[in-house]
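*Asks:* A predicted structure for the sequence below; I have some questions about it.
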Amino acid sequence: MILLEELINQLEVLLPGNGLVDYCPNGLQVEGKKSIKSIATAVSGSLETIHLAIQSGADALIVHHGIFWNHDKHGIKGVLKEKIYGLLANGISLFAYHLPLDLHPSLGNNWKAALDLGWKDLQPFGYVNGVPIGVKGRVQTESRDQIQKKLEGYYGHQATCAFGGKENIETLALISGGSYKSILEAAKARVDGFITGSFDEPAWHQAFEEKINFFALGHSATERVGPIALAKHLELQFQIPCRFLDVYNPF
């Protein structure tokens, strides 16, 4: 067992939000019980995720996408009310870490993936509000089809691709989630391929116009990496059960 205050302090050190201009409040979003015997992590603070956290007996839930965003209207009603009621009624503290969990150099959605995939010469890439949250690096030279298969195996998700670049790939850049617009930044950086989560119509044309290979592996799939790594880290740190809640989302 640990105290809620211990978890707050550890997360503030591990995933600091200082200097970040984010789209949401990072850190504790809903306060639960003072003692914690079990922790859960997940991609998003959806109603399904909260129900799973309740069923699993978690005392704290840490997500990448929280339940409060800067553009939200005021008022706790509807689904938001249901989420907060479920958390409070069961004494579950909800934490959210958006950009801090993207950019962490060993546990984040981007750098952790690059390390797992064996990239070399890693450098910061992908600026959001002046802060680099992505990563670029060198890979063993492989065809773009081989890179696609490797990415699909790692993320467990089918890739949507636009092969506008060269056949053999030596350099890649990665920003998880909904960062398809950063394909232009990747092209400017002269990497052979750009990996992200989601895609939209302009990315297809831009891949061919800018002569770069584009891989989209799913917003949710590319942002499971950080929460999974965080669960393992906290379990070792605190010696209490910490599990990743794998909520299905094909987008």
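*Replies:* Everything's here; your move.

*Asks:* all contacts plus neighbour counts: C-alpha atoms, from now on.
*Replies:* Fine.

*Asks:* Give the buried residues for stretch 220-238.
*Replies:* Across stretch 220-238, burial judged by 16 or more other C-alpha atoms under 10 Å covers 220-232, 234, 238.

*Asks:* again but with stretch 17-34, I slipped
*Replies:* Buried-residue list, stretch 17-34, by 16+ other C-alpha under 10 Å: Gly17, Asp22, Cys24, Pro25, Asn26, Gly27, Leu28, Gln29, Val30, Glu31, Gly32.

*Asks:* And the next helix or strand past the longest strand along the chain?
*Replies:* Using DSSP state E to define each element, the chain has its longest strand at strand 131-143. Heading C-terminal from strand 131-143, the first helix or strand you meet, by DSSP states H and E, is helix 144-155.

*Asks:* Indicate each strand paired with the following helix or strand past that following helix and its parallel or antiparallel sense.
*Replies:* For helix 144-155, the succeeding helix or strand toward the C-terminus, using DSSP H and E, is strand 160-163. Take DSSP bridges as the rule and strand 160-163 pairs in its sheet with strand 213-216 (antiparallel).

*Asks:* Give me the contacts around whichever helix or strand comes after the partner strand.
*Replies:* Using DSSP H and E, the helix or strand that follows strand 213-216 towards the C-terminus is helix 219-222. Residues from elsewhere that reach helix 219-222, judged by C-alpha atoms under 8 Å, 6 or more residues apart in numbering: 43, 109, 155-157, 176-178, 196-198, 249-251.

*Asks:* what's the answer for stretch 152-160, then?
*Replies:* Leu117, Gln148, Leu151, Phe215, Ala216, Leu217, Gly218, Ala221, Thr222, Pro250.
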